[in-house]
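Novice: Generate coordinates for the sequence data below:
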Amino acid sequence: MRIAAVLLALFLPGVASAVTCENARYEGNRYTICTVRPAEENLRLFLRDDAGEILGQFSSIEAHLPEGQTLSFGMNAGMYHLDRRPVGLYLEEGEQESRLYPNSGPGNFGLVPNGVLCIRSTRADVIESLEYQADTPDCTYATQSGPMLVIDGQLHPRFLPDSTSKFVRNGVGTSADGKTAIFVKSENSVNFHEFARFFRDILKLPQALYFDGKISRLHAADLDRSDPGFWMGPIVGVVE
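Specialist: Numbers count the residues shown, from 1 in each chain. Just a heads-up that it's a prediction; the model follows:
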């Protein structure tokens with residue numbers, strides 16, 4: 001496991017701009033982590049093409065990008081309806097497609113508190129939904145999901161260490177200064193408590209947000225990997 005070296009690189013000044021993806025193990029579970037510096041990388045959300053059709057696949061995003069650009073990283077980024085419209089808040093280039101669910105909502109939104117990934121030109125932040133509603137930042141991109149995994153350094157209060165509800169899961173955590181976003185996909189089935197502890201205890205991130213289970217997919221050019229599978233709704237990615 002090279003995670004110690006990865007974490008050291010995350011917080012050293014002067015590290016070259018690049019999405020780095022690494023494999024890690026913790027408590028017998030396997031994870032893939034991809035680290036993005038929003039001030040240095042073109043981190044953004046994807047939902048629809050120019051005709052208004054939902055993209056839904058990493059290959060569709062690649063085909064949609066202008067010539068000379070490529071998707072270096074991608075991950076499904078939030079719940080969606082059967083027609084793949086986002087559940088909860090979704091903003092793209094400042095335009096709102098769907099509203100915030102500040103309280104209990106459908107699916108895992110009901111395991112409140114839930115949260116929002118807010119992407120701006122120089123930073124990315126995971127923000128608890130009620131906090132977002134009370135003091136709404138000027139996000140360029142935003143996607144709401146839930147539940148929160150880590151809230152101000154504490155695990156979600158409803159997570160159980162011995163829970164038997166285990167799935168392949170994915171999510172994102174952000175540093176306190178917003179300069180680092182770390183996206184994580186488990187490579188085996190884990191419960192919420194195990195997944196959240198990885199963000200808190202290993203990655204040392206004060207805020208983390210769950211994206212999904214079962215449908216978790218990762219595109220990582222760094223690892224020569226692009227997971228096939230279900231059609232997706234919102235997708236977060238980095239364009240090089």
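
Novice: and residue 220, how many neighbours does it have?
Specialist: Around residue 220 there are 23 other residues, counting by other CB atoms under 10 Å. Where C-beta positions appear, they are placed from N, C-alpha and C, glycine not excepted.

Novice: Quick one: residues contacting it.
Specialist: 19, 21, 32, 34, 72-73, 226 (CB atoms under 8 Å, 6 or more residues apart in numbering).

Novice: Mind telling me what element the spatially most central residue of the chain is part of?
Specialist: By CA atoms, centre = their mean, the chain has its centre lying nearest to residue 172, at 3.7 Å. Assigned by DSSP states H and E, residue 172 belongs to strand 169-174.

Novice: ok, and the closest non-adjacent residue to the residue nearest to the centre of the chain?
Specialist: Nearest residue to residue 172 in three dimensions, chain neighbours excluded: residue 183, at 5.0 Å (CB to CB, 6 or more residues apart in numbering).

Novice: Looks like the one you found contacts residue 41 (just checking).
Specialist: No - contact criterion CB atoms under 8 Å: residue 183 and residue 41 do not qualify, at 11.8 Å.

Novice: more crowded one of the two?
Specialist: Counting neighbours by other CB under 10 Å for residue 183 and for residue 41 shows that residue 183 has the greater number, 27 against 20.

Novice: So the residue nearest to residue 172 versus residue 85, what's the distance?
Specialist: According to CB to CB, to the nearest Å, residue 183 stands 22 Å off from residue 85.

Novice: same question, residue 180
Specialist: 30 Å.

Novice: With neighbour numbers in mind, choose between the two.
Specialist: residue 180 (20 against 15).

Novice: doesn't residue 174 make contact with that one?
Specialist: Yes - assessed by CB under 8 Å, residue 180 is found in contact with residue 174 at 6.8 Å.

Novice: dump the residue contacts of the residue nearest to residue 172.
Specialist: Contacts of residue 183 by CB under 8 Å, 6+ apart are 33-36, 73, 75, 170-172, 218, 236.

Novice: can I get those residues in TSV with distance to residue 207?
Specialist: Output for those, formatted as TSV (distance: CB to CB, whole Å):
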residue	distance to residue 207
33	16
34	17
35	15
36	15
73	20
75	17
170	16
171	11
172	9
218	21
236	16
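
Novice: now, which of the residues you listed sits nearest residue 51?
Specialist: For those, the closest approach to residue 51 (CB to CB) belongs to residue 236, at 21.6 Å.

Novice: Check the gap between the residue nearest to the centre of the chain and residue 195 for me.
Specialist: 12 Å.

Novice: Kindly report the same for residue 175.
Specialist: Taking CB to CB, one finds residue 175 at 18 Å from residue 195.

Novice: Counting neighbours, go ahead and name the busier of those two.
Specialist: Legend: neighbour count by other CB under 10 Å for residue 175 and residue 195, higher for residue 195 (26 against 21).

Novice: mind checking which helix or strand that one is in?
Specialist: helix 192-197.

Novice: packing partners for that helix?
Specialist: strand 148-151, strand 154-155, strand 169-174, strand 207-213 (3 or more CB pairs under 8 Å, 6 or more residues apart in numbering; DSSP states H and E).
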